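A.B. asks: Okay, predicted coordinates and the sequence, questions at the end:
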Amino acid sequence: MAIPLVDTASPIVEFNEKAPLVSLVETSSINPVVESAEFAYNRTNLVQISSDGVQRAAKHIHGMLLAESYTPRTWRTHPLHLIPTEPHHPDDPWNRSVLNWIFLISALNFSFWSEREGCDDRYGVEWQRSWASPERTVHTGYWSLVSALNRALQDDAIPITDPQFYASETLCPDSVIETTFRPAAQCAEGIPLLRERIAVMREVGDVLCRHFSGSFHGLLEEFQRRHNGDGTALDLVEMVIEYFPSFRDEHVVEGRKVCIWKRAQILVADTWAAFYPASPDDPHPLFPGPRGAQIHQLTMFADYRVPQILHHLQILSYPPSLEDMLRKGTYLPSGCMEELSLRAASIVAVERVRDAMIDMNLEGSQGERVSSVVIDFFLWDLAKRVERGEEKLEGIETKAVVPAHRTRSIWY
């Protein structure tokens, strides 16, 4: 049985779409997620981090980053991603549509695991293999979300990523959203948490329309006005948390707020990566100020896939009781001790891997400082390849892959 630890919202979250804003008043160069994760990791004292595992994995991951020439611009190589044009111009309608696409993907980037994992009839979306290839295939997991939105835009002529459209129950009734996420013919289940996804779309669309002229571009303009053109990635994360209740991935442990902020951070990180310049020496078009994005201030994005690969790499270790729960597929409620320990330990572990790379003077393939964001991007891609049997790690000792934990919530 999972052990309740925190006072938190139900995993199936209800929220007020017009909730008052959370005032953060002053932003900080210290990411609250880092301090929160350290606190929760120590207080739960369940999942453990191996110092030796961190050192070994830091060298190995760095070697793989270099071997694959893995950079922030690798984001642009994913075949289902919408790619912005270069050079970026803020009035470019295509790039504005890309921004809206990234925003909605991040708003709905949660809960893709299936009770029918490994079965052909699990939830999936039939669409093209890529924007460039008309060949059809069934996409599952996170890619089912991406392909569903792409299909709506291209095949169904539904402007589903336009906040002014999906905020309106008149223009976009629930039935249109249900059609957008329709499963492939052979599927025996629909997309998880459909009602919650619709509620999130209404909330974020309403906020964008009321405060930011109905677009993510409008939010970015206000963000830079607020920070006199010198806003950073962490500043943008905190602004997202301020305005959007459904991005506030937070819990209370022993009277202290614990911030995880998975989707808020991945929204900013994906935006940063999508528009990352060809040369790291060039200013980032969306973070053009003297400080730049300072992406190193963000952490990894605590989900259920990256903890799995961290354990496989022997960075994380599980007590027998937890490993038994994972192998049996025991459901872990959002905010229980085991679930929070997995997420907090993963954040702390990737921070330590990043720090180990810095201590060893290991740089990215373009000579840039390696960030937890890029490490997370790489580990998530690696975990998916390992899961599909496309890659077996060599040159480093690993543990047998343990199933990812099962928690159903809007937070990840």
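C.D. replies: Structure received. Numbers count the residues shown, from 1 in each chain.
A.B. asks: For the stretch 301-412 of the chain, give me the ranges with low pLDDT.
C.D. replies: Applying pLDDT under 70 to the stretch 301-412 of the chain flags no residue at all.
A.B. asks: for it, what spans make up the helices?
C.D. replies: Along the stretch 301-412 of the chain, the segments classed as helices by DSSP state H, counting those that start in this stretch run 306-312, 320-328, 337-359, 372-387.
A.B. asks: Ok, the stretch 151-300 of the chain next?
C.D. replies: If DSSP H, counting those that start in this stretch is used as the criterion, the helices of the stretch 151-300 of the chain fall at 163-166, 174-180, 194-211, 216-226, 233-243, 262-274.
A.B. asks: Relative to A264, which of the helices of the stretch 301-412 of the chain is closest?
C.D. replies: The closest of the helices of the stretch 301-412 of the chain to A264 is helix 372-387. By CB to CB, the value is 12.9 Å. All C-beta atoms are positioned from the backbone trio N, CA, C, and that covers glycine.
A.B. asks: now the angle from that closest one to helix 233-243?
C.D. replies: Helix 372-387 and helix 233-243 are oriented at 80 degrees to each other (axes from the mean of the first three to the mean of the last three CA atoms, to 10 degrees).
A.B. asks: Now do helix 372-387: which elements does it pack against?
C.D. replies: Helix 372-387 sits against helix 51-67, helix 262-274, helix 306-312, helix 337-359, with contacts defined as 3 or more CB pairs under 8 Å, 6 or more residues apart in numbering; DSSP states H and E.
A.B. asks: Nearest to G367 among those would be which one?
C.D. replies: Closest to G367 of those is helix 51-67 (CB to CB; 11.0 Å).
A.B. asks: Quick check: buried residues in the closest one?
C.D. replies: For helix 51-67, a neighbour-count test (16 or more other CB atoms under 10 Å) marks 53-62, 64-65 as buried.
A.B. asks: could you dump the helices of the stretch 301-412 of the chain to TSV with mean neighbour count?
C.D. replies: TSV is the format used below for those (neighbours: other CB atoms under 10 Å):
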stretch	mean neighbour count
helix 306-312	26
helix 320-328	14
helix 337-359	24
helix 372-387	21
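A.B. asks: out of those, nearest to D281?
C.D. replies: helix 372-387 (16.8 Å).
A.B. asks: Identify the residues contacting the closest one?
C.D. replies: Residues from elsewhere that reach helix 372-387 (CB atoms under 8 Å, 6 or more residues apart in numbering): 61, 64-65, 68, 70-72, 74-75, 141, 265, 269, 272-273, 295-296, 298-301, 303, 305-306, 308-310, 312, 350-351, 353-354, 364, 391-393, 401.
A.B. asks: what does stretch 96-112 give?
C.D. replies: 82-84, 140-142, 144-146, 149, 160-163, 166, 192-193, 197, 200-201, 204, 208, 215-217, 220, 244, 246-247, 263, 266-267, 270-271, 274, 408-412.
A.B. asks: Report pLDDT for the closest residue in space to E86 that isn't next to it in sequence.
C.D. replies: In space, and not counting its chain neighbours, E86 is closest to A278: 7.3 Å by CB to CB, 6 or more residues apart in numbering. pLDDT, A278: 93.
A.B. asks: Pretty sure A278 sits against P72.
C.D. replies: No. When contacts are counted by CB atoms under 8 Å, A278 is not listed as touching P72 (10.7 Å).
A.B. asks: Show me which of those two is the more surrounded one.
C.D. replies: P72 (24 against 10; other CB atoms under 10 Å).
A.B. asks: who's in contact with the more buried one?
C.D. replies: 272-273, 276, 295, 373-374, 377.
A.B. asks: what's the answer for D249, then?
C.D. replies: 259-264, 411-412.
A.B. asks: same question, L153
C.D. replies: L153 makes contacts with 159-161, as judged by CB under 8 Å, 6+ apart.
A.B. asks: so how many other residues sit close to T407?
C.D. replies: Residues within reach of T407, counting by other CB under 10 Å, total 24.
A.B. asks: now swap in E363 and tell me
C.D. replies: With neighbours defined by other CB under 10 Å, the count for E363 comes to 15.
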